[in-house]
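Trainee: Okay, here's the prediction I keep looking at, along with the sequence it came from:
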Amino acid sequence: MNSINYWLSRREAARKISVSVDSIQRRAIWWQDEPVPGKLRYKLLKLGENTRRERRFFEPDVEALLVLN
């Protein structure tokens with residue numbers, strides 16, 4: 001499986017769990033090897049050849065947050 005499928009934009013993450021983009025931002029933390037309950041880990045990724053590096057959120061963290069709510 002392509003690892004690119006595990007990364008969501010702020011807007012995609014917010015839409016997935018029905019919260020505001022600001023709510024995603026408040027829970028954002030820089031990437032750590034271990035998940036942090038209630039937080040969304042992110043990395044600055046360049047997902048395409050002609051794209052800039054943007055903050056992308058780890059989808060399993062987003063899904064875990066949905067379960068916590």
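Mentor: Structure's in. What do you need?
Trainee: where does this protein dip in pLDDT?
Mentor: The chain contains residues with pLDDT under 70 at 1-4, 68-69.
Trainee: which stretch of helix or strand covers the residue sitting nearest the centre point of the chain?
Mentor: Nearest to the mean C-alpha position of the chain, by C-alpha atoms, centre = their mean, lies Phe57 at 1.6 Å. Element membership for Phe57 (DSSP states H and E) is strand 54-58.
Trainee: How about that strand, which residues are buried there?
Mentor: For strand 54-58, the buried set under the neighbour-count rule, 16 or more other C-beta atoms under 10 Å, comprises Arg55, Arg56, Phe57, Phe58. C-betas here are computed from N, CA, C, even on glycine.
Trainee: just stretch 56-65 next, same as before
Mentor: For stretch 56-65, by 16+ other C-beta under 10 Å, it's Arg56, Phe57, Phe58, Glu59, Asp61, Val62, Ala64, Leu65.
Trainee: Would you point out the most distant pair within those?
Mentor: Maximum pairwise distance in the buried residues of stretch 56-65, criterion C-beta to C-beta, is 16.2 Å, between Arg56 and Ala64.
Trainee: re the thing from before, any idea which of the buried residues of strand 54-58 is closest to Ser9?
Mentor: When those are compared for distance to Ser9 (C-beta to C-beta), Arg56 wins out at 6.5 Å.
Trainee: Name the nearest residue to that closest one, sequence neighbours excluded.
Mentor: Of all residues not flanking Arg56 in the chain, Trp7 sits nearest, at 3.8 Å (C-beta to C-beta, 6 or more residues apart in numbering).
Trainee: tell me the contacts of that neighbour?
Mentor: Residues in contact with Trp7 (C-beta atoms under 8 Å, 6 or more residues apart in numbering) are Lys43, Leu45, Leu47, Arg56, Phe57, Phe58, Glu59.
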